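Trainee: Need a 3D model of the following:
(one chain, ligands or ions: 2)
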Amino acid sequence: SEIILSVRDLKKYFPIKAGVLQKTVGHVKAVDGVSFDIVKGETLGIVGESGCGKSTTGRAIIRLFEKTGGDVYFNGKEVHSLNHKELRAIRPKMQMIFQDPYSSLNPRMTVGQIVGEALLDHGIITDKVELRKKVMKTIEECGLASYHIDRYPHEFSGGQRQRIGIARALALDPDFIIADEPVSALDVSIQAQIINLLMDLQKERGFTYLFISHDLSVVEHISTRVGVMYLGSMVELANKKDMYKNPLHPYTQALLSAAPVPDPTAERKRIILTGDIPSPANPPSGCKFHTRCPYAMPICKTDIPEFKDRGNKHFVACHLLDKNN
Ligand code: SF4
Ligand code: MG
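Mentor: Ligands and ions are numbered 1, 2, ... in the order given. Predicted coordinates for the structure are as follows:
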């Protein structure tokens, strides 16, 4: 299996500024040393509560944000080391689908302009007739009739707008797509249609996805592997079945405890999450989850647990799984 993306110890800190001089007084450690690989053709889901750094991870990967530390290798090239020209050359291959189909589309542009813009911009297609054909074909692939090409975003429903957002990413023939909460703004009845569209497109075109969501059931549906993030760190990463049937990190167990169980007879360890998520500007020492973890031990406050393979590529960062504790 071929690795398309390697993330190594990725960090993204945002400065906290204060006072008239806007001096930096601290940092929000939005992403604080995250590592994982994505294999060509798979879907890696990333879940976690809002503010855990999953969106920032996605944006730092495709360099919508400059990283603070670590490396991101896309097809073997470190994305943050590329110069402007080199970055521009690989941009079409890494595309993003955004959460809000209402604000992510320019209301003054037609569907044709929205979907065709980047093709023109990158000089991939310059002929107007050819561009129109390509846009029509692409929106049809996304389940929108080609005659919609001259309409404006406000003329469409939320689900249709997200199809336009997907078509915009698709037009560039990407290899890798980051979908950041792509269905969270949509009615539940529409969510499945969009998820199925993404899965069908993956089957036809062999896309690799990084799928970011706070919704465990959506992630379970679409992903091959799942990573769980908490306060800027990845705490567990496993194939979907292992993650949902046998979660090993107490935080994952808590998230799954809170989710509705499709089979009520299935046994599941129930952990109730208490307390608020601490501020990423001032995260707890040791294991960042220790302030909310029912199993916290003295070592958890002092030592950062190592993110380790516990067998079958099931990675977990928790002292409970280390032999001497
Ligand atoms: Fe809980 Fe300690 Fe494991 Fe963190 S390392 S999840 S505090 S048991
Ligand atoms: Mg987000």
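Trainee: in the helix or strand bottoming out on mean pLDDT in the chain, what's buried?
Mentor: When each helix and strand of the chain is scored by mean pLDDT, DSSP states H and E, helix 250-258 comes last, with a mean of 92. Buried residues in helix 250-258, defined by neighbour count with 16 or more other C-beta atoms under 10 Å: 250-257. Yep, even glycine has a C-beta here, placed from its N, CA and C like the rest.
Trainee: what's the closest of these to residue 103?
Mentor: Lowest distance from residue 103 to the buried residues of helix 250-258 (C-beta to C-beta) belongs to residue 255, with 27.8 Å.
Trainee: Going along the chain, name the strands of the stretch 151-300 of the chain.
Mentor: Listed in chain order, the strands of the stretch 151-300 of the chain (DSSP state E, counting those that start in this stretch) span 176-180, 208-213, 225-230, 233-239.
Trainee: Out of those strands, which is closest to residue 321?
Mentor: That would be strand 233-239 among the strands of the stretch 151-300 of the chain, by C-beta to C-beta, at 10.4 Å.
Trainee: Can you name every helix or strand that that closest one contacts?
Mentor: Judged by 3 or more C-beta pairs under 8 Å, 6 or more residues apart in numbering; DSSP states H and E, strand 233-239 is in contact with strand 23-39, strand 225-230, helix 250-258, strand 307-309, strand 315-317.
Trainee: Please state the mean pLDDT value computed over it.
Mentor: Taken as a whole, strand 233-239 has a mean pLDDT of 98.
Trainee: hmm, back to that, and the strands of the stretch 151-300 of the chain as a markdown table, adding mean neighbour count and distance to ligand 1?
Mentor: Converted to a markdown table, the strands of the stretch 151-300 of the chain look like this (neighbours: other C-beta atoms under 10 Å; distance: least, C-beta to the nearest ligand atom, whole Å):
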| stretch | mean neighbour count | distance to ligand 1 |
| --- | --- | --- |
| strand 176-180 | 24 | 26 |
| strand 208-213 | 25 | 22 |
| strand 225-230 | 25 | 9 |
| strand 233-239 | 24 | 7 |
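Trainee: and of those, who's closest to residue 58?
Mentor: Here strand 176-180 is closest among the strands of the stretch 151-300 of the chain (C-beta to C-beta), at 4.5 Å.
Trainee: what does that closest one rub up against?
Mentor: For strand 176-180, the external contacting residues (C-beta atoms under 8 Å, 6 or more residues apart in numbering) are 4-5, 38, 54-55, 58-59, 61-62, 74, 93-99, 169, 198, 207-212.
Trainee: Next: stretch 274-286.
Mentor: By C-beta under 8 Å, 6+ apart, stretch 274-286 touches 16, 26-30, 32, 49, 51-53, 230-232, 288, 290-292, 299-305.
Trainee: and those residues, which are buried?
Mentor: 27-30, 32, 51-53, 230-232, 288, 290-292, 300, 305.
Trainee: ok so, going back, nearest to ligand 1, of the buried residues of helix 250-258?
Mentor: residue 250 (4.5 Å; C-beta to the nearest ligand atom).
Trainee: Just give the closest residue to the closest one, not the sequence neighbours.
Mentor: residue 293 (5.0 Å; C-beta to C-beta, 6 or more residues apart in numbering).
Trainee: can you pull out the helices in the protein?
Mentor: Listed in chain order, the helices of the chain (DSSP state H) span 54-61, 84-90, 111-121, 128-141, 158-170, 188-205, 216-222, 240-245, 250-258, 298-302.
Trainee: Contacts for the fifth one, please.
Mentor: Residues outside helix 158-170 that contact it (C-beta under 8 Å, 6+ apart): 95-98, 101-102, 104-105, 111, 114-115, 117-118, 135, 138-139, 141-144, 148, 153, 156, 177, 182-183, 185-187, 190, 193-194, 197-198, 201, 205.
Trainee: hey, C-alpha coordinates of that helix in PDB?
Mentor: The C-alpha coordinates for helix 158-170 follow below in PDB (Å, rounded to 0.1, in the frame of the first residue of the first chain):
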ATOM      1  CA  GLY A 158     -27.800  23.600   1.100                       C
ATOM      2  CA  GLY A 159     -27.200  20.100  -0.300                       C
ATOM      3  CA  GLN A 160     -27.000  21.400  -3.800                       C
ATOM      4  CA  ARG A 161     -24.600  24.100  -2.700                       C
ATOM      5  CA  GLN A 162     -22.400  21.400  -1.200                       C
ATOM      6  CA  ARG A 163     -22.500  19.600  -4.500                       C
ATOM      7  CA  ILE A 164     -21.200  22.800  -6.100                       C
ATOM      8  CA  GLY A 165     -18.400  22.900  -3.500                       C
ATOM      9  CA  ILE A 166     -17.500  19.300  -4.200                       C
ATOM     10  CA  ALA A 167     -17.500  20.000  -8.000                       C
ATOM     11  CA  ARG A 168     -15.200  22.900  -7.400                       C
ATOM     12  CA  ALA A 169     -12.700  20.500  -5.800                       C
ATOM     13  CA  LEU A 170     -13.300  17.800  -8.300                       C
END
